[in-house]
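*Asks:* the following block contains a protein sequence and its predicted model.
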Amino acid sequence: GAGVSQSPRYKVAKRGQDVALRCDPISGHVSLFWYQQALGQGPEFLTYFQNEAQLDKSGLPSDRFFAERPEGSVSTLKIQRTQQEDSAVYLCASSLARVRSNQPQHFGDGTRLSIL
Amino acid sequence: AQSVTQLGSHVSVSEGALVLLRCNYSSSVPPYLFWYVQYPNQGLQLLLKYTTGATLVKGINGFEAEFKKSETSFHLTKPSAHMSDAAEYFCAVSEMAYKLSFGAGTTVTVRA
């Protein structure tokens, strides 16, 4: 596609529910990233994939957060037993090249998650 | 560890005036530095980046930034503000060339 596509754009869930957020990266992009952006803050790194391999998940805030990219293309970020503090915009980005490259990250428009 | 400090959470400028957004970074290795712009309800768009080489970097929409190692700074400027420049701007640093650390952002408003 022309850009990184994220769905849904908006998600409202009740506390305790599980949610799944989808990211379609730019076709052919090797690297995929997830970021969490709280209201009024800059994005914070969650996790990084190179093809289907999750090489860094150091930013995931708890074991309720899980990300996968099984075929090296589409990625899903899952949050189990959601809490109010999970409310944020979740941004996905993709990059053409592998690690240690100066290729820029291209961002999607994000999924705004609200936990009631 | 890498980190970014953006000085000023809000900047207001008149149309046609200079835009100056300040960014200071901390990094234990030579960093990659980036400026991104975010419009409401949209993702981040890359304005410019510094990796190696020339310290004055030109980006899109007339923006430029200068890497000053001695001052650990990467300030963003535009000589003449346009109404369409109203947005939020984020400075980011990367030591490992993939994990970006962002500042808290600076919101720019442009007065007619």
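*Replies:* Received, thanks. Residues are numbered from 1 along each chain as shown, chains lettered A, B, ... in the order given.

*Asks:* which residues of chain B lie near chain A?
*Replies:* Counting by CB under 8 Å from any CB of the partner chain, the residues of chain B close to chain A are B:4, B:32, B:34, B:36, B:41-46, B:49, B:51-52, B:90, B:92, B:96-105. Just so you know, the C-beta spots here come from the backbone N, C-alpha and C atoms, and that holds for glycine as well.

*Asks:* what subset of those is buried?
*Replies:* Listed as buried from those are B:4, B:32, B:34, B:36, B:43-46, B:49, B:51, B:90, B:92, B:97-103, B:105; burial here means 16 or more other CB atoms under 10 Å in any protein chain shown.

*Asks:* which helix or strand contains the residue nearest to residue A:44 when sequence neighbours are not counted?
*Replies:* Spatial nearest neighbour of residue A:44, chain neighbours left out: residue A:36 (5.2 Å); criterion: CB to CB, 6 or more residues apart in numbering or on different chains. With elements taken from DSSP states H and E, the one containing residue A:36 is strand A:31-37.

*Asks:* residues contacting the closest residue to residue A:103 other than its chain neighbours?
*Replies:* Nearest residue to residue A:103 in three dimensions, chain neighbours excluded: residue A:97, at 4.1 Å (CB to CB, 6+ apart). For residue A:97, the contact set (CB atoms under 8 Å, 6 or more residues apart in numbering or on different chains) comprises A:30, A:31, A:103.

*Asks:* how close does the most centrally placed residue in chain A sit to residue A:84?
*Replies:* With distances taken as CA atoms, centre = their mean, residue A:34 lies nearest the centre of chain A, 3.1 Å away. Distance of residue A:34 to residue A:84, computed by CB to CB, to the nearest Å: 20 Å.
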